[in-house]
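S.K.: Could you work out the structure for the sequence below:
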Amino acid sequence: MKNLLKKFLRYMAFNKGKFKGLYLKVCRPTSEEYASFVKLHGRLHSMGVNCRFNPFVNITDPEYVSIGNNVTLSHCNLIGHDGVVGMLNNAYNMKLDSVGKIVIGDNVFVGHGSTVLPNITIGSNVIIAAGAMVNKDVPDGVIVGGVPAKPIGRTEDLANRLKEKTETLPWAHIIKKRTGSFDPNVERELIALRVKYFYPDDNN
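M.R.: Below is the predicted model:
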């Protein structure tokens with residue numbers, strides 16, 4: 001019965017754009033699946049391929065957001081407008097507007113709790129660290145972090161360091177088995193090895 005419900009909700013979400021809340025709650029989509037849903041029904045200006053979106057990502061003004069290929073959005077915020085305008089309009093009897101586009105290049109990771117403000121262009125091969133506040137354009141190939149976000153490293157350097165570290169791990173041979181698609185057997189084996197490594201004195 002539960003599988004039938006999931007199948008129905010996925011169909012309605014992807015084909016009709018309906019029951020999004022139930023779809024998220026019951027189906028608990030992977031980040032890849034949710035990105036596919038957003039590409040169909042998220043009203044983004046444009047979006048590339050091979051993207052991953054956390055289901056709790058907050059995109060306030062999707063019509064002004066352009067996203068490239070191989071982009072990961074964790075539980076972050078893409079803010080396309082300045083919310084203070086409504087208050088200022090009433091307080092000062094004005095008619096103000098303050099919105100802007102957000103452009104994200106290829107091969108970008110936007111970390112948990114980070115915020116990208118309006119009128120920002122993020123280059124390609126970029127990492128936005130967790131909790132960062134991006135209020136200026138980000139050039140290609142850098143890691144930025146902090147409030148406000150500033151360059152703290154190079155993406156290529158991080159990739160090379162992680163490659164060296166990965167090769168020394170007891171489960172490096174399992175990482176090499178990964179094909180890109182989720183394999184529960186491989187993941188269970190990986191978790192078991194990690195737990196044994198992290199907690200060697202645990203007899204359970």
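
S.K.: C-alpha from now on. contacts and neighbour counts both.
M.R.: Will do.

S.K.: dump the residue contacts of the most centrally placed residue in the chain.
M.R.: Nearest residue to the geometric centre of the chain (Cα atoms, centre = their mean): Leu73, 1.2 Å. By Cα atoms under 8 Å, 6 or more residues apart in numbering, the residues touching Leu73 are Arg52, Phe53, Asn54, Val57, Phe109, Val110, Gly111.

S.K.: where does this protein dip in pLDDT?
M.R.: 180, 203-204 (pLDDT under 70).

S.K.: at 90 what do you get?
M.R.: Residue ranges of the chain with pLDDT under 90: 1-3, 5, 11, 173-189, 200-204.

S.K.: residue ranges of the helices in it, please?
M.R.: Ranges of helices in the chain, per DSSP state H, are 2-11, 20-22, 31-41, 84-92, 155-168, 172-175, 184-198.

S.K.: Okay, buried residues for the fourth one please.
M.R.: Of the residues in helix 84-92, those scored as buried under the neighbour-count criterion (16 or more other Cα atoms under 10 Å) are Val85.

S.K.: wait, Ser66 sits on Met47?
M.R.: Yes - if you go by Cα atoms under 8 Å, Ser66 and Met47 touch, sitting 6.0 Å apart.

S.K.: Tell me which of these two has more neighbours.
M.R.: Taking other Cα atoms under 10 Å, Ser66 and Met47 do not tie; Met47 has more neighbours (23 against 17).

S.K.: any idea how far the more buried one lies from Thr72?
M.R.: 12 Å (Cα to Cα, to the nearest Å).

S.K.: picking that back up, weed out the non-buried ones from the contacts of Leu73.
M.R.: Using 16+ other Cα under 10 Å, the buried ones in those are Arg52, Phe53, Asn54, Phe109, Val110, Gly111.
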